[in-house]
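>>> sequence and predicted model, in that order:
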Protein chains: 2
Amino acid sequence: MRYDLLGSRQHDNMSAMGLRRVLVTGAEGTIGTAVREHLGDRYELVSLTLTQQDFPSHIGDIADLDAILPAFESVDSVVHLAGSAAIETPWEDVLRNNVVGTYNVFEAARRAGVARVVFASSNHAVGMYELDGAPGLYDLDDERSCDHTAEIRPDSLYGVSKACGEALGRFYSELHGLCVFCLRIGAVRANDDPTVPSESPLLDLDAEGRRNRMRAVWLSRRDCAELIARCLEVDDVSWAIVYGVSGNPRRFWDLTHAQELLGWEPQDAAPP
Amino acid sequence: MRYDLLGSRQHDNMSAMGLRRVLVTGAEGTIGTAVREHLGDRYELVSLTLTQQDFPSHIGDIADLDAILPAFESVDSVVHLAGSAAIETPWEDVLRNNVVGTYNVFEAARRAGVARVVFASSNHAVGMYELDGAPGLYDLDDERSCDHTAEIRPDSLYGVSKACGEALGRFYSELHGLCVFCLRIGAVRANDDPTVPSESPLLDLDAEGRRNRMRAVWLSRRDCAELIARCLEVDDVSWAIVYGVSGNPRRFWDLTHAQELLGWEPQDAAPP
């Protein structure tokens, strides 16, 4: 069995205006909306959504490889956000939407000669570090921090599905030559407000714990969009796992690797 | 969402002779046969196989959770060997047999109150270290070695499926209280002969490379069985990833962790 590295199959997929053409899966979701708002003037965004929207979009279920293939034609990069986003999602759904769906996205990208994929992983792939450390981990003077070299320790079947997606991404990066960026994203909110307490379905937190948790894991919408943009722009990086939280004083996910590898600096911070 | 830790649901499942009752999935395979040969007098082995065999066995497909549940009743531990074993297995098959199948085994174990699961993972979960280093990695004087802290770097979709199984195992260990042992097993052969050259489907190796590869990654049948027995016996370990190769002079998978954590010492070694 020999693998085909993309090499000559990769091509410049630019719009008439010289913008890079970027497919966004799950463009109707919370992060997809932030990407469309903040990056719509820097890239020619192509949307893939599960259902018809009030913006132009390819319609398709990422669990169906054949259905989504046309959306990958002539795009330079993919931002893969589609999937089940709730931590409590049962196995059958994370298997279908996150494991199979993410395989289909990488495989469609390979077949279409797409150069890079930015994958919305999650800190829940390593969420046991938080479950072990909470609520003290959220304290302003707590110095514990978890970086990209941490062992895989999922806190949920959702977290397992994200770890599977990262393993798929590593395979497609190393064996098929795609550039793959896995973002272990914190809490991106539609209202962009870090002062609304966290729901913390995995933790028995009191009111103060829920308050502090959101101030630790919040990622502002523009910081999220800019992190994705850095992944679309950076040269000479073919694989990365980085955390995505804003510059929150209470944060415990390490940002050093994202800063060094991608040159990403969060512009926002939750209040202490 | 709160998780149930096994705690009081665990029970001593011993045979009338005081032997521990151990379910072996894939008992008809190469490693399953070695387990039945070498450990049949130390445990009361219960077999689960895909088809009827010439030994007593529960019949069931691990991709069908309901079908395999009865085999988990009243067993103390599970040795999970069933699945697609070929590196070239396409996605649909590793998804069904290795990802879904391994989820079903952990979930059945949890529901039945089984205390521990020994899972046949594979060095292909981190096989890129070998692909990067071969064939020099097989040399007697090559000092490179890969241990359990290595990043996940699958060399195949088969390797991806094993990484997913490890992530599932970590989740069931930490959230549901199972003891889980992931064995990144080298090459166990029906003929137990390390001098037959490796097939190396992922590598373009010449005759010398194929000769040296098998002498590096060989795991004798009795070493394999004893490694599994150590996982069944060890106290105070709830999670481990260890490599399984014999004491081969050309080995490059690290055995220190298995020695320290499990007290396992291989008795065999391939010739140099």
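Structure's in. What do you need? Numbering: from 1, shown residues only, chains lettered A, B, ... in the order given.
>>> how long is stretch A:126-145 end to end?
Start and end residues of stretch A:126-145 are separated by 12 Å (C-alpha to C-alpha, to the nearest Å).
>>> just the CA trace of stretch A:250-262, in CSV.
C-alpha atoms of stretch A:250-262 as CSV (Å, rounded to 0.1, in the frame of the first residue of the first chain):
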residue,chain,number,x,y,z
ARG,A,250,-8.1,32.6,34.7
ARG,A,251,-7.2,30.5,31.7
PHE,A,252,-5.5,27.1,32.2
TRP,A,253,-5.1,26.0,28.6
ASP,A,254,-1.7,26.9,27.3
LEU,A,255,-1.4,29.5,24.5
THR,A,256,2.3,29.4,24.0
HIS,A,257,2.3,26.9,21.2
ALA,A,258,-0.4,28.8,19.2
GLN,A,259,1.7,32.0,19.7
GLU,A,260,5.0,30.4,18.6
LEU,A,261,3.7,28.3,15.8
LEU,A,262,1.0,30.5,14.3
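>>> so how far is it off the chain centroid?
Once both centres are worked out by C-alpha atoms, centre = their mean, to the nearest Å, stretch A:250-262 turns out to sit 15 Å from its chain's centre.
>>> is it up against chain B anywhere?
No - Stretch A:250-262 is not in contact with chain B by C-beta under 8 Å from any C-beta of the partner chain; minimum separation 12.8 Å. Just so you know, the C-beta spots here come from the backbone N, C-alpha and C atoms, and that holds for glycine as well.
>>> and that stretch, what's buried?
Of all the residues in stretch A:250-262, those buried under the rule 16 or more other C-beta atoms under 10 Å in any protein chain shown are A:250, A:251, A:252, A:253, A:254, A:255, A:257, A:258, A:261, A:262.
>>> distance check, the last one against chain B.
Taking C-beta to the nearest C-beta, to the nearest Å as the measure, residue A:262 and chain B are separated by 18 Å.
>>> grab the nearest non-local neighbour of that residue.
With sequence-adjacent residues excluded and distances taken as C-beta to C-beta, 6 or more residues apart in numbering or on different chains, residue A:262 is closest to residue A:230, at 4.2 Å.
>>> re the thing from before, and the buried residues of stretch A:250-262, which two are the farthest apart?
Largest separation among the buried residues of stretch A:250-262 by C-beta to C-beta: A:250 and A:261, giving 23.6 Å.
>>> what does chain A put close to chain B?
Near chain B, when you scan chain A using C-beta under 8 Å from any C-beta, you find A:1-2, A:87-88, A:91, A:95, A:99-100, A:103, A:107, A:125, A:128, A:149, A:151-157, A:159-160, A:163-164, A:166-168, A:170-171, A:174-175, A:201-202, A:204.
>>> how about the helices in the stretch 51-200 of chain A?
A:65-68, A:91-94, A:101-112, A:128-133, A:157-176 (DSSP state H, counting those that start in this stretch).
>>> give me the below-cutoff pLDDT ranges for chain A.
A:1-12, A:16 (pLDDT under 70).
>>> apply 90 and report the result again.
Along chain A, segments meeting pLDDT under 90 span A:1-19, A:199-201.
>>> what's the distance between residue A:82 and residue A:239?
From residue A:82 across to residue A:239, the span is 21 Å (C-beta to C-beta, to the nearest Å).
>>> who has more neighbours, those two?
residue A:82 (28 against 17; other C-beta atoms under 10 Å in any protein chain shown).
>>> which residues touch that one?
A:25, A:26, A:29, A:48, A:50, A:62, A:97, A:101, A:105 (C-beta atoms under 8 Å, 6 or more residues apart in numbering or on different chains).
>>> ok, now how distant is the residue nearest in space to the middle of chain A from chain B?
The residue lying closest to the centre of chain A (C-alpha atoms, centre = their mean) is residue A:120, at 1.7 Å. Using C-beta to the nearest C-beta, we find residue A:120 at a distance of 17 Å from chain B.
>>> report the beta-bridge partners for that residue.
Under DSSP bridges, the beta-bridge partners of residue A:120 are residue A:183.
>>> surely residue A:57 meets residue A:48?
Yes - counting by C-beta atoms under 8 Å, residue A:57 touches residue A:48, with 6.7 Å between them.
>>> got any residues that touch both of the two?
In contact with both residue A:57 and residue A:48: residue A:27, using C-beta under 8 Å, 6+ apart.
>>> correct me if wrong: residue A:219 contacts residue A:188.
Yes - Residue A:219 is in contact with residue A:188 according to C-beta under 8 Å; the separation is 5.1 Å.
>>> more neighbours: these two, which one.
Neighbour totals were compared for residue A:219 and residue A:188, and residue A:219 leads with 29 against 24 (other C-beta under 10 Å).
>>> got a list of what the residue nearest to residue A:73 when sequence neighbours are not counted touches?
Excluding the flanking residues, the one nearest residue A:73 by C-beta to C-beta, 6+ apart is residue A:112, at 5.9 Å. For residue A:112, the contact set (C-beta under 8 Å, 6+ apart) comprises A:69, A:72, A:73, A:74, A:75.
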